[in-house]
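**Student:** quick one, what's the 3D model for this:
(chains A and B)
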Amino acid sequence: MPVDTKRLRGPEESQSPWLFVEQEQQSPPDEREDGRRKGQVDVRPIFARCGLVSQAKGSAYIESGKTKVICSVYGPRETERKDETDMKFGRLVCTFRFAPFSCAKRCGWIQSTQEKDLSMALLGSLHPGLCLHRYPRSQIDVSVLVLENDGSALAHAVTCASLALADAGIEMYDLVLGCSLRQEGSDYLLDPTFAEETQEPATESTENRGGMMVALLPSLNQVSGLLCSGDLEQQPLVEAVAACIEGCQRIYSVAQRCLLTAVKKKNPPPDG
Amino acid sequence: MNTNSLTQAPWHQTTVEPLEYHRKFLKENCRPDGRELGEFRTTTLNIGSITTADGSALVKLGNTTIICGIKGELAAPPADAPDKGYIVPNVDLPPLCSSRFRPGPPGEQAQAASQFIADVIENSEMLQREDLCIEKGKLSWVLYCDIICLDYDGNILDACIIALLASMKNVQLPEVHVNEQTGLAEVNMKKKRHLNIVKHPVAASFAVFDNSILIVDPTSDEENLSTGFITVVIDEEEKLCTVHKPGGTPLSNEKLQDCINRAITRNKEVCKLLNKVMKSMKAK
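**Tutor:** Below you'll find the predicted structure:
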């Protein structure tokens, strides 16, 4: 671990108290904890709000179950590094971070490799949705911070980032919505919570166990990002993608309503 | 002065000649957002929203939004103080909160804020570090207080202190015993207790304008135009914990006394708010 000289340091090593709790061996429950169904497209209800960071050009906050994600967009502004490609297209820079208190085990302040990987995934998912050719020689900065991680952090980050981009007035082809899924054997769990994402399997077999995240442009019905991990056979994989796409379509109306409210608040209709 | 006109203030006044714009208001003893010179912005407090943290608080001071999350971890106590635990505050000003901050390691302002918070915790003795010791020389708690700014509109030090205080009061740590035979810790997550917070320090920040006028709770624009800053931290027994004056315009004795008096009233306001929010949480 590199020594972080710019922050106040505590002890060299410290451990989370969760490591010392007696773990009761629990088999994964048959029912999902919050009452949603297995093998059905049941996403958690979403609370979305735009325009809450006064300093940012555009911002959005999403709460889904206990997962809380906030995003700010700054730009278009002058790009810091100039290459040839910038002359024709704008540059999109995404930063994805977990707050140190967002997971059960504390994350450090320095951006870990997982966060860098998720930043790249976020960039790849958002890129096709934006009209970057309209912003040559400019840079758009998207910063996502996960305040509490209760599963599907990246999927909600994608949705949050595209709401913030729309709130900032950046020209887009379509919103980009994200949905993730966890496959356990023959059933899938849509929009998994953190416990469901990390639970121990019931059986020893590793067949058909994995996770997936799909980023979709709903009205164009195009997939802009697909991340899959684990061991899935062809048929369950195809069904999982279809389920995620259906999940994204369900969120679409909530996202649209949130943007409408934000626009109406910014520009109230003239009286009379 | 018609302060409703501030929302439609001509662009050139706020951007090209901001100092003149502010001076016009100060002559009438008020500020562009309609506040008086000694008035704080509306403070809202939300406690315990982050369930993964042991204690959390979200503070909004006008537009400035700060979130503080405290996580407790276990570690061996320091070699020079085997009966004490650790409290590690850190303030982060991410590029999310304002366009003036760039991604990367914390800048000067964030580091200065972290050090300020550490000084306040130590000087005010709001928490005894001995309370954090589980077994002398073997095991103690480390409280990581991570403070993140979500929206930077000036006066983060005040908001950080309120957030820290509120989340400390919200922290619930599980009971830990050290097993004599194995030497390992045994944690009982079902039994939790609050921290023993003995003092309640509250900060009041002031900006000095034109070397003479003191305004309380500056916004980001007012901070940029000011010629000096001072932050006074007072606890509930009207005792002075910290005075932070990083250079800037020199202040006379009377002005300093004015600041201290204002900070005393601010402490009472904030403690009242804090008690109200804690009571409403217990009622749930």
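
**Student:** can we go C-alpha only for contacts and neighbour counts from here?
**Tutor:** Noted.

**Student:** for the residue nearest to residue A:53 when sequence neighbours are not counted, report the pLDDT, please.
**Tutor:** Distances taken as C-alpha to C-alpha, 6 or more residues apart in numbering or on different chains place residue B:151 nearest to residue A:53, at 5.5 Å, with adjacent residues excluded. Looking at residue B:151, its pLDDT is 94.

**Student:** got it, and residue B:119?
**Tutor:** You'll see residue B:119 listed with a pLDDT of 92.

**Student:** residues contacting the nearest residue to it once chain neighbours are set aside?
**Tutor:** Nearest non-adjacent residue to residue B:119, counting by C-alpha to C-alpha, 6+ apart: residue B:242, 7.9 Å away. Applying C-alpha atoms under 8 Å, 6 or more residues apart in numbering or on different chains to residue B:242 gives the contacts B:119-120, B:123-124, B:231-234.

**Student:** for the stretch 101-250 of chain B, which segments count as strands?
**Tutor:** B:133-135, B:139-151, B:172-178, B:185-194, B:202-209, B:213-216, B:228-234, B:240-244 (DSSP state E, counting those that start in this stretch).

**Student:** who does the last one pair up with?
**Tutor:** Spelled out, that is strand B:240-244. Sheet partners assigned to strand B:240-244 using DSSP bridges are listed as strand B:228-234 (antiparallel).

**Student:** how far does the strand it pairs with sit from the chain's center?
**Tutor:** Centroid displacement of strand B:228-234 relative to its chain, using C-alpha atoms, centre = their mean, to the nearest Å, is 12 Å.

**Student:** for residue 111, list the residues it contacts.
**Tutor:** With no chain named, the answer covers chain A. residue A:97.

**Student:** not quite, I wanted chain B
**Tutor:** Contacts of residue B:111 were listed using C-alpha under 8 Å, 6+ apart, and they are A:6-7, B:90-91.

**Student:** beta partners of the residue nearest to residue A:53?
**Tutor:** residue B:65.

**Student:** I'd say it and residue B:61 touch.
**Tutor:** No: taking contacts as C-alpha atoms under 8 Å, residue B:151 lies outside contact range of residue B:61: 10.0 Å.

**Student:** ok, of the strands of the stretch 101-250 of chain B, where does mean pLDDT dip lowest?
**Tutor:** With a mean of 82, strand B:185-194 has the lowest mean pLDDT of the strands of the stretch 101-250 of chain B.

**Student:** helices or strands up against it?
**Tutor:** Applying 3 or more C-alpha pairs under 8 Å, 6 or more residues apart in numbering or on different chains; DSSP states H and E, one finds that strand B:185-194 makes contact with strand B:172-178.

**Student:** so how far is the strand it packs on off the chain centroid?
**Tutor:** For strand B:172-178 - counting by C-alpha atoms, centre = their mean - the centre lies 27 Å from the chain centre.

**Student:** cool, stretch B:186-202 as well?
**Tutor:** With C-alpha atoms, centre = their mean, you get 19 Å for stretch B:186-202.

**Student:** now swap in stretch B:147-162 and tell me
**Tutor:** Distance, centroid of stretch B:147-162 to centroid of chain: 6 Å (C-alpha atoms, centre = their mean).

**Student:** send the alpha carbons of that stretch over as CSV?
**Tutor:** Presented in CSV, the C-alpha positions along stretch B:147-162 are these (Å, rounded to 0.1, in the frame of the first residue of the first chain):
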residue,chain,number,x,y,z
ILE,B,147,-15.9,14.0,5.4
ILE,B,148,-16.8,14.6,1.8
CYS,B,149,-18.1,17.9,0.4
LEU,B,150,-20.9,17.4,-2.2
ASP,B,151,-21.5,21.0,-3.0
TYR,B,152,-19.0,23.8,-2.3
ASP,B,153,-20.6,27.2,-1.7
GLY,B,154,-18.3,28.6,1.0
ASN,B,155,-17.8,28.0,4.7
ILE,B,156,-17.0,24.3,4.7
LEU,B,157,-15.3,24.4,8.0
ASP,B,158,-18.4,25.2,9.9
ALA,B,159,-20.4,22.6,8.1
CYS,B,160,-17.7,19.9,8.6
ILE,B,161,-17.7,20.5,12.3
ILE,B,162,-21.5,20.2,12.5
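
**Student:** what residues sit buried inside it?
**Tutor:** B:147-162 (16 or more other C-alpha atoms under 10 Å in any protein chain shown).

**Student:** so what touches that stretch?
**Tutor:** A:53-55, B:59-69, B:89-94, B:96-98, B:113, B:117, B:164, B:201-205, B:217-223, B:270.

**Student:** and the lengthiest helix in chain A, what's buried?
**Tutor:** Secondary structure of chain A per DSSP state H: the longest helix is helix A:234-266. Buried residues in helix A:234-266, counted by 16+ other C-alpha under 10 Å: A:236-237, A:240-241, A:243-252, A:255, A:258-259, A:262.

**Student:** cool, and stretch B:207-215?
**Tutor:** Within stretch B:207-215, the residues scored as buried using 16+ other C-alpha under 10 Å are B:207-209, B:214-215.

**Student:** mind checking how far it is from the chain centre?
**Tutor:** Worked out by C-alpha atoms, centre = their mean, stretch B:207-215 lies 22 Å from the chain centre.

**Student:** which stretches in the chain count as helices?
**Tutor:** Answering for chain A, as no chain was given. A:113-126, A:153-167, A:194-198, A:234-266.

**Student:** I was after chain B.
**Tutor:** B:11-15, B:18-27, B:108-124, B:156-170, B:220-225, B:253-283.

**Student:** redo these as TSV? Include distance to residue A:32.
**Tutor:** Formatted as TSV, the helices of chain B follow (distance: least, C-alpha to C-alpha, whole Å):
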stretch	distance to residue A:32
helix B:11-15	55
helix B:18-27	57
helix B:108-124	42
helix B:156-170	30
helix B:220-225	47
helix B:253-283	29
